[in-house]
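Engineer: Please find the sequence and the predicted model below.
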Amino acid sequence: MVRTISILLLVGLFTGVNGQFANYQKAFRAYKEKKLDLALQYSDSSIASEYERKLPYVWHLRAFVLNEHFRIKDQRNPNSKFRPMAIEAFEKSMKLDSAGEFLDKNKRMILQLALGYFNDGAEALNDRKFEISQGYFDRYVELTKAYDKIQLNLKQNSMMYFNVVGAARSRVYQQYKSRANFDKVIEAYSKSISLDSNNYNANYNLGILYYNQGVDLILELDAETPLEKLIEVQDKCVRLFSKSLPYMKKAHELDPRNKETIVGLAGIYYNMNERKKSQFYDDMAAELEGSPKSTDEKAVAEALKQGKALESAGRYDEALRAYEAASSKFPNNKEIQAQIRKVKALIDQKR
Amino acid sequence: MHKIIVIILTNLFAIAGVKAQDKDRKTRANLKAIYVYNFATLVDWPSKYKTGNFTIGVMGDDDLYDLLIRKYSSKSVGSQPMKIKKFVFKADAERCHIIFVGESKSYLVPALAQKFKAHSTLIVSEKNGMLESGSIINFIVRDNKQAYELSKTNASRHKLTVGKTLTNLASNIR
């Protein structure tokens, strides 16, 4: 910016009367010397001048002065009055700049300030200031759409923003479980998915949100819940698990080796009483960890433990039935088959 | 632009807090426990069973046993304090008001029905076909939900009177 203005001064674009420097020239000198208050005073005088306020570079310079006030004096305080004033000045400069001398620089600066709004929107979410955050984000979108023809990052940034809103809203929902908070989380992730349906985070989180709500409904049931109510709650839970399923499936499709979604799918099917499907995903999760099928392994160990306890108590018939029951579930387990042969031999000996 | 990425990623990492947890696998036990408690209140036992503790025995389902101990052992059925017991073998199974037989132990249902034939023990199972093996209430899955079927014949064999609500809400009555 300094270089641009210097050139203008050199070519004599000043309008001093009787050899005096114009206000904007004084403003520029003060700006260069980092005397920001003084620069702003001259800039104020400059735009009060009937002649100077029609010059695009007067507003261009003013925008830089205001931007420095925002950046240095107010230390990028999101509430600083100087940021919107700077944007307004850049816009005014563009409006007056029919030759387009400052166009690129003005646009670039506005877009830089727009990104600042985006950052402030994201940071406001840390303090759960959702309305304020949305306001900053809207301003970012508005400025980007107006001044960035390509809008290369707009979609990606918007999607990320709504994912972060969803995460922040989720934390609020976990703390204060209300319907309104739940709906806000859904709204945020849905907006994210509407921007890109192949969005892992939003799909996974929507899936887990519906799923966890179903699980919570069951776990929070009163111990003495009457049967009618129990059936009603189960209906509601099945609806929630059914809503969760397509999102979790999509997340799994997008990242097939992510254990979180595999565990999520196993959990959804478990709670929908679809055991084979639940087992399928449990096994997949176990394989992903490089371990054997953990659930099966536990069940086999338990069956063997029971059978062996019966054997030691001399209850061979019961032990045989226990092993056979286990064998019907795990027909390829060699240890169970060996135990069956052993117990059968013991029964024969006893006879 | 650099700052944006940093902020967004910081926030995204926080999402990891929301995920499926082990607790999810306790849901079935929770539902079964509530059902069992309802069975206790909606079935009528002969008068000689209405004194002392109300005993519930559990075989083959540690999650259900743990949950009943945790949530129900201080409750009562009428004036009878609830007592929860765990049985591993058929021979251990003592006379009780309700005996729940988990799927892994369902092969014991016929033997238990025989063992308790002279007693008013409500045998609750969770495997298809168990009503034919002597169970009185059998958990089944209907439309992705935990439901139950009921054998009134088996109930009357054990001199148990099943209440209207329990009958009306059963998925299947034999």
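Structural biologist: Cool, the structure landed.

Engineer: Bridge partners for the residue lying closest to B:Ala93 once chain neighbours are set aside, pull those for me.
Structural biologist: Ranked by Cβ to Cβ, 6 or more residues apart in numbering or on different chains and with sequence neighbours excluded, the top spatial neighbour of B:Ala93 is B:Phe87, at 4.4 Å. (Each C-beta comes from the backbone N, C-alpha and C, glycine too.) Listed by DSSP bridges, the beta-bridge partners for B:Phe87 are B:Met59.

Engineer: Can you tell me the number of residues neighbouring B:Phe87?
Structural biologist: B:Phe87: 21 surrounding residues under other Cβ atoms under 10 Å in any protein chain shown.

Engineer: Relative to A:Met159, how far out is the closest residue to chain B within the stretch 1-150 of chain A?
Structural biologist: Closest contact between the stretch 1-150 of chain A and chain B, by Cβ to the nearest Cβ, is at A:Ala122 (4.4 Å). According to Cβ to Cβ, to the nearest Å, A:Ala122 stands 13 Å off from A:Met159.

Engineer: Quick one: end-to-end length of stretch A:62-73, please.
Structural biologist: Start and end residues of stretch A:62-73 are separated by 15 Å (Cα to Cα, to the nearest Å).

Engineer: Give me the pLDDT value at residue 7.
Structural biologist: This is for chain A. Per-residue pLDDT puts A:Ile7 at 48.

Engineer: you looked at the wrong chain, it should be chain B
Structural biologist: Looking at B:Ile7, its pLDDT is 47.

Engineer: can you check A:Gly16 too?
Structural biologist: pLDDT for A:Gly16: 46.

Engineer: The nearest residue in space to A:Ile132 that is not next to it in sequence and A:Ala168, how far apart?
Structural biologist: Leaving aside its sequence neighbours, A:Ile132 sits nearest to A:Ala124 (Cβ to Cβ, 6+ apart; 4.8 Å). A:Ala124 sits 9 Å away from A:Ala168, going by Cβ to Cβ.

Engineer: okay, and for chain B, where does confidence drop off?
Structural biologist: Under the criterion pLDDT under 70, the flagged ranges of chain B are B:1-25.

Engineer: in it, which helix has the most residues?
Structural biologist: Secondary structure of chain B per DSSP state H: the longest helix is helix B:27-42.

Engineer: can you pull the buried residues of the lengthiest helix in chain A?
Structural biologist: The single longest helix within chain A, with elements called by DSSP H, is helix A:227-254. Using 16 or more other Cβ atoms under 10 Å in any protein chain shown as the test for burial, helix A:227-254 gives A:227, A:230, A:233-234, A:237-238, A:240-241, A:243-245, A:247-252, A:254.

Engineer: Just to check, the residue nearest to B:Ala93 is in contact with B:Gly57?
Structural biologist: Yes: counting by Cβ atoms under 8 Å, B:Gly57 is a contact partner of B:Phe87 at 5.3 Å.

Engineer: picking up where we left off before, anything in contact with each of A:Ala124 and A:Ala168?
Structural biologist: By Cβ atoms under 8 Å, 6 or more residues apart in numbering or on different chains, A:Ala124 and A:Ala168 have these common neighbours: A:Phe130.

Engineer: Have a look at these two and say which one is more surrounded.
Structural biologist: Using other Cβ under 10 Å, the more surrounded residue of A:Ala124 and A:Ala168 is A:Ala168, with 25 against 20.

Engineer: quick one: that one and B:Ala29, what's the gap?
Structural biologist: From A:Ala168 over to B:Ala29 the distance is 34 Å, taken as Cβ to Cβ.

Engineer: now swap in B:Cys96 and tell me
Structural biologist: Applying Cβ to Cβ to B:Cys96 and B:Ala29 gives a distance of 19 Å.

Engineer: which one of these two has more residues nearby?
Structural biologist: Using other Cβ under 10 Å, the more surrounded residue of B:Cys96 and B:Ala29 is B:Cys96, with 22 against 18.

Engineer: Just confirm that one is within a strand.
Structural biologist: No: checked against DSSP: H, G, I helix; E, B strand; the rest coil, B:Cys96 lies outside a strand; its state is coil.

Engineer: surely it meets B:Val58?
Structural biologist: No: with contact defined as Cβ under 8 Å, B:Cys96 does not reach B:Val58; the gap is 9.6 Å.

Engineer: For those two, list the residues in contact with both.
Structural biologist: Joint contacts of B:Cys96 and B:Val58 (Cβ under 8 Å, 6+ apart) are B:Lys85.

Engineer: that older thread, what residues of the next helix or strand after the longest helix of chain A count as buried?
Structural biologist: Next along the chain after helix A:227-254, taking DSSP states H and E as the criterion, comes helix A:259-271. Buried residues in helix A:259-271, counted by 16+ other Cβ under 10 Å: A:Glu260, A:Thr261, A:Ile262, A:Val263, A:Gly264, A:Leu265, A:Ala266, A:Gly267, A:Ile268, A:Tyr269, A:Tyr270, A:Asn271.

Engineer: ok, now stretch A:207-222?
Structural biologist: Residues of stretch A:207-222 classed as buried: A:Gly207, A:Ile208, A:Leu209, A:Tyr210, A:Tyr211, A:Asn212, A:Gln213, A:Gly214, A:Val215, A:Asp216, A:Ile218, A:Leu221 (neighbour count, 16+ other Cβ under 10 Å).

Engineer: contact partners of that stretch?
Structural biologist: With Cβ under 8 Å, 6+ apart, stretch A:207-222 has contacts from A:170, A:173, A:177, A:182, A:185-186, A:189, A:230, A:233-234, A:236-238, A:240-241, A:243-251, A:261, A:264, A:267-268, A:271, B:18-20, B:23-24, B:26-27, B:30-31, B:34.

Engineer: mind exporting it as CSV, just the C-alpha atoms?
Structural biologist: C-alpha atoms of stretch A:207-222 as CSV (Å, rounded to 0.1, in the frame of the first residue of the first chain):
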residue,chain,number,x,y,z
GLY,A,207,-25.3,-40.9,13.1
ILE,A,208,-23.8,-40.9,16.6
LEU,A,209,-26.2,-38.2,17.8
TYR,A,210,-29.3,-40.1,16.9
TYR,A,211,-27.8,-43.3,18.1
ASN,A,212,-26.7,-41.9,21.5
GLN,A,213,-30.1,-40.4,22.0
GLY,A,214,-31.7,-43.8,21.6
VAL,A,215,-29.2,-45.4,24.0
ASP,A,216,-29.7,-42.6,26.6
LEU,A,217,-33.4,-43.0,26.4
ILE,A,218,-33.1,-46.7,27.3
LEU,A,219,-30.4,-46.2,30.0
GLU,A,220,-32.3,-43.4,31.6
LEU,A,221,-35.5,-45.4,32.0
ASP,A,222,-36.8,-45.6,35.5
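
Engineer: average pLDDT across it?
Structural biologist: Stretch A:207-222 comes out at a mean pLDDT of 93.

Engineer: what separates that stretch from the chain centre, distance-wise?
Structural biologist: Its chain's average C-alpha position is 22 Å from that of stretch A:207-222, according to Cα atoms, centre = their mean, to the nearest Å.

Engineer: Check stretch A:196-212 too.
Structural biologist: Relative to the chain's own centre, stretch A:196-212 is displaced by 10 Å; criterion: Cα atoms, centre = their mean.

Engineer: residues from the stretch 1-150 of chain A in reach of chain B?
Structural biologist: A:Leu115, A:Phe118, A:Asn119, A:Ala122, A:Glu123, A:Leu125, A:Asn126 (Cβ under 8 Å from any Cβ of the partner chain).

Engineer: Would you reformat those as a markdown table and include pLDDT, secondary structure and distance to A:Ile340?
Structural biologist: Listed next are these as a markdown table, based on pLDDT from 0 to 100; DSSP: H, G, I helix; E, B strand; the rest coil; distance: Cβ to Cβ, whole Å:
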| residue | pLDDT | secondary structure | distance to A:Ile340 |
| --- | --- | --- | --- |
| A:Leu115 | 94 | helix | 70 |
| A:Phe118 | 95 | helix | 67 |
| A:Asn119 | 94 | helix | 68 |
| A:Ala122 | 92 | helix | 63 |
| A:Glu123 | 92 | helix | 66 |
| A:Leu125 | 93 | helix | 61 |
| A:Asn126 | 89 | helix | 61 |
